[in-house]
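A.B. asks: What follows is a predicted structure for the sequence shown.
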Amino acid sequence: MSAAGWEAVIGLEIHVQLATRTKIFCATEASRDGAEPNTLVDPVTLGMPGVLPVLNREVVELAIRLGLALGCTIAPRSRFSRKHYFYPDLPKGYQISQYDEPLCTGGAIVTEVDGEERRFRLTRIHLEEDAGKTVHDALRNRSLVDYNRAGVPLVETVSEPDLRSPADAMAYMKAMHRIVTALGVSDGNMEQGNFRCDANVSVRRVGDPRLGTKVELKNINSFRFVGRGLEHEIARQVDVLEAGGHLVQETRLWDEAAGVTRPMRTKEMAHDYRYFPDPDLMVLEVDEAWIERVRATLPELPRARTQRFVDALGLSAYDADVLTQSAARADYFEAVAQAVGDPKLAANWIQGELLGLLNKDGLDIEASPVPAERLAELLVLLRDERLSSKMAKACFAEMFSSSVAPADWLAAHGAQITDEDTLRAMVAAALDAHPDEVAGFHAGKAQLLGFFVGQVMKQSRGKANPQRVNQLVRSQLEERR
């Protein structure tokens, strides 16, 4: 709901760049870090006369993989069409896409929104090639075109208009991102445009079955931006209608700096693109044997993994959800938990110490300077009481900043003191040195307990087991009454 009496109707089109080495219809590299503009191109990419596209088989397999994971029906026959529009980033003057005969139909995303399980239906998943990138240089009053992205393989996942709020859209988009990365279908890098969203939104009076005038928000590459963009656009549409105005079917852009949507162009209809079957590409045929071979390679999906962490490892639903935000994070956790034999301890340290420092430095877990096996080594020392919690945190900070091994840190700083006789002697020395404070404790100043524990920790240079020290201080104070 955006305002009293109004309801939003939202559908998402998410474009996912597939994780292939080469482009969809030629053998040119799909991407390369630091590639100079217009170096990942070839005659097919540039639409030179006489060239013919050849479909990349791996592109089809990755799309089937995603379709199966989302419960889609895989079409035994699908077809590529030419989608015509004239823009500088489209070298051929048309985009090769699937139109009326897509590879995948149906399916759904199941996720939680505000603690409630929701099921959002999919209309289709189809294959297409990406366009190039236009770079506008305002200082020199010119626009440049980089065709490196042209011909990069995409799947477009199209939802039914089942979403009713920005929260729905954010949850749907996050769930899709988790699935495509867990499957290895895409790296999901949103900053590079490898996972981006177009949102279609309209508003209507509550109870009115008719759909309102649809507006498309184009190329949103952030979960937060899709939420903020939809919030503003829904409010804008309601304001226009309540003022007696009329909405125009158009494409708008989200201006994050200003916090508003801005008109881009009037929205085309399907017939405006003059679709027709691409005569250079044969019908794509997928038999059951191919589908079953792909099905056999599917990994455990994020929701199933989250539930297993709860049921088999005893984690809370919140902890399990945090640890399955990405396949890499879940893999890291499982490696640590298995090595330590204490899933809760592993979960606490990954969510607290590790993610805290990673977030501070803007790093993903794949770039962690502390690999899973090293964190496991540290937690074994903590579990076996060779390190106190305070010592372990100090060790971890050095592991993160300088890659020191836990065993080397332990050798340099010494282990936690857990010997009972040694601890008893330290406690007795602390009490003997402060008779007035002992008398004060017996007179009712219970807060002095912490004073004595601090004295022992100071005496041990922080190496005494604090829980055992606390117990021994209590017992020896009682003995001295």
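C.D. replies: Nice, I can see it. Numbers count the residues shown, from 1 in each chain.

A.B. asks: Is Trp254 in a helix, a strand, or coil?
C.D. replies: Classification of Trp254 using DSSP: H, G, I helix; E, B strand; the rest coil returns strand.

A.B. asks: Can you name the helix or strand that the nearest residue to it once chain neighbours are set aside falls in?
C.D. replies: Nearest residue to Trp254, sequence neighbours excluded (CB to CB, 6 or more residues apart in numbering): Gly229, at 3.8 Å. Every residue, glycine included, has its C-beta placed from N, CA and C. Gly229 belongs to helix 223-242 when elements are defined using DSSP states H and E.

A.B. asks: Show me which residues of that helix are buried.
C.D. replies: 223, 225-234, 236-238, 241 (16 or more other CB atoms under 10 Å).

A.B. asks: Show residues contacting it.
C.D. replies: Contact with helix 223-242 is made by 2-3, 6, 8, 10, 12, 165-167, 169-170, 173-174, 177, 197, 199, 201-203, 212-213, 215, 217, 220, 246-247, 252, 254, 256, 259-261, as judged by CB atoms under 8 Å, 6 or more residues apart in numbering.

A.B. asks: Let me have that helix in CSV, keeping just the CA atoms, if that works.
C.D. replies: Provided in CSV are the C-alpha atoms of helix 223-242 (Å, rounded to 0.1, in the frame of the first residue of the first chain):
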residue,chain,number,x,y,z
PHE,A,223,18.4,-3.8,-3.9
ARG,A,224,18.1,-0.5,-2.1
PHE,A,225,17.6,1.5,-5.3
VAL,A,226,14.7,-0.8,-6.4
GLY,A,227,13.0,-0.2,-3.1
ARG,A,228,13.5,3.6,-3.0
GLY,A,229,12.7,4.0,-6.7
LEU,A,230,9.4,2.1,-6.4
GLU,A,231,8.5,4.0,-3.2
HIS,A,232,8.9,7.3,-5.0
GLU,A,233,7.2,6.2,-8.2
ILE,A,234,4.2,4.7,-6.4
ALA,A,235,3.7,7.9,-4.5
ARG,A,236,4.1,10.0,-7.6
GLN,A,237,1.4,8.0,-9.5
VAL,A,238,-1.0,8.2,-6.6
ASP,A,239,-0.4,12.0,-6.4
VAL,A,240,-1.1,12.4,-10.1
LEU,A,241,-4.3,10.4,-10.0
GLU,A,242,-5.7,12.0,-6.8
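
A.B. asks: what about it, average pLDDT?
C.D. replies: Mean pLDDT, computed over helix 223-242, is 94.

A.B. asks: begin at 54 from here
C.D. replies: Taking 54 as the first residue, the last one we looked at is helix 276-295.

A.B. asks: Give me the distance from it to the chain's centre.
C.D. replies: For helix 276-295, the separation from the chain centroid amounts to 24 Å (computed by CA atoms, centre = their mean, to the nearest Å).

A.B. asks: now the strands for the stretch 154-303 of the chain?
C.D. replies: Assigned by DSSP state E, counting those that start in this stretch, the stretch 154-303 of the chain shows strands spanning 157-158, 161-166, 169-182, 186-190, 195-199, 206-212, 248-258, 268-273, 303-308.

A.B. asks: Could you list every helix and strand that the fourth one packs against?
C.D. replies: Based on contacts counted as 3 or more CB pairs under 8 Å, 6 or more residues apart in numbering; DSSP states H and E, the elements that strand 186-190 packs against are strand 195-199.

A.B. asks: The strand it packs on pairs with which strands?
C.D. replies: Here strand 195-199 is paired, per DSSP bridges, with strand 186-190 (antiparallel).

A.B. asks: With only the CA atoms kept, save the strand it pairs with in PDB.
C.D. replies: Taking C-alpha atoms only, strand 186-190 is exported to PDB below (Å, rounded to 0.1, in the frame of the first residue of the first chain):
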ATOM      1  CA  LYS A 186      27.400   0.700 -23.400                       C
ATOM      2  CA  THR A 187      26.900   4.400 -24.100                       C
ATOM      3  CA  VAL A 188      29.200   6.800 -22.100                       C
ATOM      4  CA  HIS A 189      28.100  10.400 -22.000                       C
ATOM      5  CA  ASP A 190      30.900  12.900 -21.600                       C
END
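
A.B. asks: mean confidence for it?
C.D. replies: 88.

A.B. asks: and for that strand, what are the contacting residues?
C.D. replies: Tyr140, Pro141, Asp142, Ser196, Leu197, Val198, Asp199, Asn201, Arg202.

A.B. asks: what residues are up against the fourth one?
C.D. replies: By that I understand Ser196. If you count contacts by CB under 8 Å, 6+ apart, Ser196 has them with Pro141, Thr187, Val188, His189, Asp190.

A.B. asks: Would you convert the residues you listed into a markdown table that also reports neighbour count and distance to Phe504?
C.D. replies: Below are those laid out as a markdown table (neighbours: other CB atoms under 10 Å; distance: CB to CB, whole Å):
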| residue | neighbour count | distance to Phe504 |
| --- | --- | --- |
| Pro141 | 12 | 75 |
| Thr187 | 12 | 69 |
| Val188 | 12 | 66 |
| His189 | 9 | 67 |
| Asp190 | 9 | 67 |
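
A.B. asks: right, and out of the buried residues of helix 276-295, which lies closest to Leu434?
C.D. replies: Nearest to Leu434, judged by CB to CB, of the buried residues of helix 276-295 is Phe276 at 37.6 Å.
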